[in-house]
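In: Build me a model:
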Amino acid sequence: MQFLWPQMLWLLLSLPLLAAAYLYLIARRKKIALFYSSLALPRAALGRRQRLRRHIPPVLFLLALGAALLACARPTATVTLPSDTITLVLAMDTSRSMEATDVAPTRISAAQQAARDLIVGLPASVRLGIVSFAATATVVLPPTDNRQDMLDAINRFQLQRGTATGSGLIQALAMLFPDDGIDLEAILFSGESLAPGPGGRSMTEAAAADAVRKRDLEQPAAQPGSYRHGAVILLSDGRRTTGPDPLDAARMAAQRGVRVYTVGFGTPQDAGAVVSGLSFYMQLDEPTLRAVAALTDGEYFQAGSAADLTQVYRRLSARFALERREIEISALLAAGSALLLMAACGLSLLWFRR
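Out: So this is what the prediction gives:
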């Protein structure tokens, strides 16, 4: 539990003072009682149960006062609640390496089936948009709550050469924030020359990275992970070969508070595969995927099989159904204080007529 106004907690020091004053009054009454010729008569009149009763209303009053003083400090607590309507964007790697058969029947088929399972298990409060990325990124399905449209879109994936992970993430952000003017094509084609630039990158790639960084600076910074209305799930089985740096795209997401959950599909070790008669060198880029998740306050998952990927999607689906929020509970404490005070007054009137 945290407090928005912790300085108000000093008021709680009044509670032990009030308790000490109450004990002082009890002791003083005992001294006055010594004037009786015999203590047996008042003790017999009160009885043990009656003597205990007289302390209950004051104790309830002190508890009510303590709850009211805690409410003044505006406490907050993290609770798990049903999530509001959110937009989830699934960014799927559709590079040619996804045709490898190390995951039966193929990586892309296994990924498509896992995506179908994700769609079936999505909470009703979740809208889903789908982006595919290879040499560039393409909107497969704008955000919708129609489950059949989602399932049909999964079947429309077409494999191509290249892996533009950064482009896939930027296209997902453009889908989440249609009014922000995020234009992937403008970022990609902001350079005119294809001659290699500094560090071996083409001028187009260098200009794309500069454009992404410029947007980072212009966008008012939000707390990473603070955006509650949407998130991105990004699945990739290899390294970026073209397009903007995924870390620059992740910073764009972090500026907007969007969490990116990254999924590495395949093996982290170096691997080669023959797909349609062509040899492919494949290596899962775990460091980049972990960094993207860390920058955006998301989480990285590694899935080496179809069963692993299905399990990852189930965990994420459950996470979107419920979300943890930090809420102020001052009203709850104030209500508890009022109930305790009413109980103290009611018992005092019922038992002692005062």
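In: any idea whether residue 232 is helix, strand or coil?
Out: Here residue 232 is strand, with the state taken from DSSP: H, G, I helix; E, B strand; the rest coil.
In: what's across from it in the sheet?
Out: Applying DSSP bridges to residue 232 yields these beta-bridge partners: residue 89, residue 260.
In: buried residues in the helix or strand hosting residue 319?
Out: Element membership for residue 319, per DSSP states H and E: helix 306-321. Of the residues in helix 306-321, those scored as buried under the neighbour-count criterion (16 or more other C-beta atoms under 10 Å) are 306, 308, 309, 310, 312, 313, 316, 317, 320. Using the backbone N, CA and C atoms, a C-beta is placed for each residue, glycine as well.
In: Need the max-distance pair from these.
Out: Considering C-beta to C-beta, no two members of those lie farther apart than 306 and 320, which are separated by 21.4 Å.
In: Now do the contacts for residue 75.
Out: The neighbours of residue 75, taking C-beta atoms under 8 Å, 6 or more residues apart in numbering as the test, are 1, 2, 3, 4, 328, 329, 330, 333.
In: wait, which of those residues is closest to residue 234?
Out: Proximity of the contacts of residue 75 to residue 234, judged by C-beta to C-beta, is greatest for residue 2, which lies at 32.2 Å.
In: Tell me how far the closest one lies from residue 76.
Out: Computed with C-beta to C-beta, to the nearest Å, the distance linking residue 2 and residue 76 is 5 Å.
In: and what of residue 126?
Out: For residue 126, the distance to residue 76 - C-beta to C-beta - is 26 Å.
In: Looking at those two, which is more packed in?
Out: When residue 126 is set against residue 76 and neighbours are counted by other C-beta atoms under 10 Å, the residue ahead is residue 126, at 21 against 16.
In: Show me the domain layout of this structure.
Out: For the chain, whose domains are defined here by automatic domain parsing, the residue ranges read 2-78+328-352, 85-304.
In: So what's the gap between the longest one and the chain middle?
Out: Centre-to-centre, domain 85-304 and its host chain are 19 Å apart (C-alpha atoms, centre = their mean, to the nearest Å).
In: how about the strands in the protein?
Out: With DSSP state E as the criterion, the chain has strands at 2-3, 75-82, 86-93, 126-133, 137-144, 230-236, 259-265, 271-275, 278-282, 300-303, 322-328.
In: what's the closest of these to residue 65?
Out: Judged by C-beta to C-beta, the one of the strands of the chain that comes nearest to residue 65 is strand 75-82, at 15.7 Å.
In: Helices of the protein, residue ranges please.
Out: Here the chain has its helices, by DSSP state H, at 14-33, 40-53, 56-72, 107-121, 147-154, 165-176, 184-188, 203-218, 246-255, 286-295, 306-321, 330-352.
In: Give me the below-cutoff pLDDT ranges for the stretch 251-354 of the chain.
Out: Along the stretch 251-354 of the chain, segments meeting pLDDT under 70 span 267-282, 321-325, 354.
In: If we use 80, what do you get?
Out: Across the stretch 251-354 of the chain, residues meeting the criterion (pLDDT under 80) sit at 266-284, 318-327, 351-354.
In: Kindly report the same for the chain.
Out: Within the chain, the set of residues satisfying pLDDT under 80 comprises 1, 26-54, 78-85, 102, 188-221, 266-284, 318-327, 351-354.
In: who's in contact with residue 92?
Out: With contacts defined as C-beta under 8 Å, 6+ apart, the neighbours of residue 92 are 111, 115, 130, 131, 132, 133, 157, 168, 235.
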